[in-house]
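Engineer: A predicted structure for the sequence below; I have some questions about it.
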Amino acid sequence: MNQTVVVELGSSRIKCGYAGESRPRRVLFSRGGIGRDGGEPWTVELDGLGDSTACKWTSPFRYSESPGSVDAIKSAYEWEKTLYPLLLHILTSILFVQRPMRHRMLVIVNDIFLPTNLRDALHKVALEYLSLGGLWIANGGPFESIHYLLEGMPPRSPNTGRAKAHTIVDIGTTESRVVVSVTGSSILESTHRVTISGYESFLSNVKELCNGAEHNWVTSLDDANKAVLAWSSSRHAETVSVQLEENKEPAQIRTETMVEAFHRTYLDFTSPSSLVFALLSCLLDCPVDYRRSALQNIVLIGGGSVALRGIGDGGITSHLQRAIRQACSGIEQEEEKKDDGPSAIASFRFQSLGKVANDAEIYYPDPLAADLAVWIGGSVMGALRQSQKYHKK
Ligand SMILES: Nc1ncnc2c1ncn2[C@@H]1O[C@H](COP(=O)(O)OP(=O)(O)OP(=O)(O)O)[C@@H](O)[C@H]1O
């Protein structure tokens with residue numbers, strides 16, 4: 001049987017496998033991993049092959065325009081040169097697809113609508129160069145596939161019934177994305193927000209704040225990640241002891257600095273780049289009929305949400321919940337009173353959500369793994385299309 005192949009092209013991870021399966025067969029990582037600082041296109045790790053034959057994949061869209069990333073690939077031809085070795089490797093060396101390749105391929109990329117040159121290149125590579133039986137690019141990106149999962153999940157409690165709407169929060173590598181998705185319909189594109197509050201942005205803030213005049217321990221995002229992992233496993237400690245790359249002796253890192261980095265990246269509602277700002281702006285643009293339900297059903301997905309699950313006191317869910325209430329209360333914070341600039345305005349920006357803010361509920365799509373949820377949704381999409389096809393026969 002020619003099963004549909006499902007490929008999720010993330011900005012630092014590529015997940016690939018077969019439709020109808022519960023997890024991807026393989027997750028490809030960037031060779032540079034978390035330590036990749038320079039905004040360079042990252043390289044997919046090809047087992048057993050040297051650098052010369054490595055595939056390169058550059059995410060087509062970055063909220064923060066870093067040199068050499070978004071603008072690096074302009075034409076369909078350049079995308080073809082990137083996509084052909086990558087997809088060929090996935091099909092032949094990971095999924096062991098035999099020629100002729102009559103499988104169909106479902107591709108999920110972060111953008112809601114892909115740039116035309118990437119779309120053209122995907123068609124050419126899949127249909128012409130690889131002779132695949134068909135290509136399906138998920139319009140709506142990660143939200144389209146997760147929609148399939150949310151629709152199929154049972155109500156959270158027998159009393160509440162099925163949710164009218166969900167707010168999907170995808171915490172990725174360099175950016176976070178938020179959108180409201182309406183049950184039985186689709187995503188509300190006007191509510192879509194993208195911010196630079198991805199997991200790497202948090203690590204960059206940790207790195208910046210941990211390095212003061214006295215010491216310069218945290219020199220890479222990998223080091224910052226180690227410190228964050230140590231903090232997650234000893235929540236109430238004032239300092240955590242971390243064995244960093246450069247130091248022979250374990251470094252003592254104050255958790256206070258990580259709390260501040262976390263606040264700056266995700267919880268500071270006065271900052272337009274924070275996650276809570278994006279989330280509340282998304283909800284402000286949500287039609288009133290769906291607003292309460294969208295607030296009561298905020299679903300966290302993406303690898304970043306998994307990394308932040310146990311952070312601080314109660315994990316990211318309870319911190320975000322508190323930040324939402326505080327942002328919508330309209331009460332100025334002490335330090336904001338000193339400031340008569342934009343932060344004073346920010347404290348009233350979300351006041352109109354005040355009546356429903358206490359209902360905010362944030363959760364993970366358990367029992368599905370939040371970091372694989374987009375791919376699993378794609379697997380459901382692919383399997384449904386497949387069964388429809390066989391049904392027609
Ligand atoms: N299971 C996990 N546990 C801890 N951290 C994780 C996990 N999975 C991913 N991460 C971290 O979260 C980040 C985002 O992971 P994700 O799988 O969403 O990557 P991506 O799909 O390439 O990102 P994007 O959605 O921005 O394209 C990764 O860079 C990684 O550092």
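Structural biologist: Looks like it came in fine.
Engineer: ok, now how distant is the residue nearest in space to the middle of the chain from residue 371?
Structural biologist: With distances taken as Cα atoms, centre = their mean, residue 172 lies nearest the centre of the chain, 2.5 Å away. Separation of residue 172 from residue 371 (Cβ to Cβ, to the nearest Å) stands at 10 Å. Backbone N, C-alpha and C define where each C-beta goes, glycine included.
Engineer: break the chain down into its domains, please.
Structural biologist: Here the domain assignment for the chain is 5-142+372-392, 155-364, based on automatic domain parsing.
Engineer: now do the helices in this protein.
Structural biologist: 76-89, 116-123, 141-152, 199-210, 221-233, 255-262, 275-284, 288-296, 303-307, 315-329, 334-337, 342-349, 354-357, 373-392 (DSSP state H).
Engineer: which one, of the ones you listed, ends up nearest to residue 132?
Structural biologist: Shortest distance between residue 132 and the helices of the chain, using Cβ to Cβ, is found for helix 76-89: 8.7 Å.
Engineer: and that closest one, what does it pack against?
Structural biologist: With contacts taken as 3 or more Cβ pairs under 8 Å, 6 or more residues apart in numbering; DSSP states H and E, helix 76-89 sits against strand 56-57, helix 116-123.
Engineer: quickly run through the sheet partners of the first one, with directions.
Structural biologist: Pointing back at strand 56-57 there. Looking at strand 56-57 with DSSP bridges, its partner strands are strand 42-43 (antiparallel).
Engineer: residue 188 contacts residue 283, correct?
Structural biologist: No: Residue 188 lies out of contact with residue 283 (Cβ atoms under 8 Å); the separation is 10.7 Å.
Engineer: pretty sure residue 240 contacts residue 253?
Structural biologist: Yes: using Cβ under 8 Å, residue 240 is in contact with residue 253, at 5.5 Å.
Engineer: got any residues that touch both of these two?
Structural biologist: 227, 230 (Cβ atoms under 8 Å, 6 or more residues apart in numbering).
Engineer: between those two, which one's more packed in?
Structural biologist: residue 253 (25 against 22; other Cβ atoms under 10 Å).
Engineer: so what's the more buried one scoring on pLDDT?
Structural biologist: What the model reports for residue 253 is a pLDDT of 81.
Engineer: the one 4 residues further on too?
Structural biologist: Predicted confidence (pLDDT) for residue 257: 86.
Engineer: residues touching it, list them.
Structural biologist: Residue 257 touches 206, 209, 210, counting by Cβ under 8 Å, 6+ apart.
Engineer: just give the nearest non-adjacent residue to residue 253, would you?
Structural biologist: Excluding its sequence neighbours, the residue lying closest to residue 253 (Cβ to Cβ, 6 or more residues apart in numbering) is residue 227, at 4.9 Å.
Engineer: return the residues of the stretch 1-150 of the chain in contact with the ligand.
Structural biologist: With Cβ under 6 Å from any ligand atom as the criterion, the stretch 1-150 of the chain meets the ligand at residues 10, 11, 12, 13, 34, 110.
Engineer: circling back to that earlier point, overlap in contacts, residue 188 and residue 283.
Structural biologist: By Cβ under 8 Å, 6+ apart, residue 188 and residue 283 have these common neighbours: residue 180.
Engineer: in terms of neighbours, single out the busier of the two.
Structural biologist: Under the neighbour definition other Cβ under 10 Å, residue 188 and residue 283 were set side by side, and residue 283 has more, 27 against 19.
Engineer: just checking, that one touches residue 293?
Structural biologist: No: applying Cβ under 8 Å as the test, residue 283 and residue 293 come out as separate, 10.8 Å apart.
Engineer: returning to what we had before: and the helices of the chain, which one averages the lowest pLDDT?
Structural biologist: Of all the helices of the chain, mean pLDDT reaches its minimum on helix 334-337 (a mean of 48).
Engineer: longest strand in this protein, please.
Structural biologist: For the chain, the strand with the greatest residue count under DSSP state E is strand 187-195.
Engineer: leaving out sequence neighbours, find the closest residue to residue 192.
Structural biologist: Spatial nearest neighbour of residue 192, chain neighbours left out: residue 179 (4.6 Å); criterion: Cβ to Cβ, 6+ apart.
Engineer: again with residue 75
Structural biologist: Nearest in space to residue 75, with sequence neighbours left out and distances taken as Cβ to Cβ, 6+ apart, is residue 117 at 5.8 Å.
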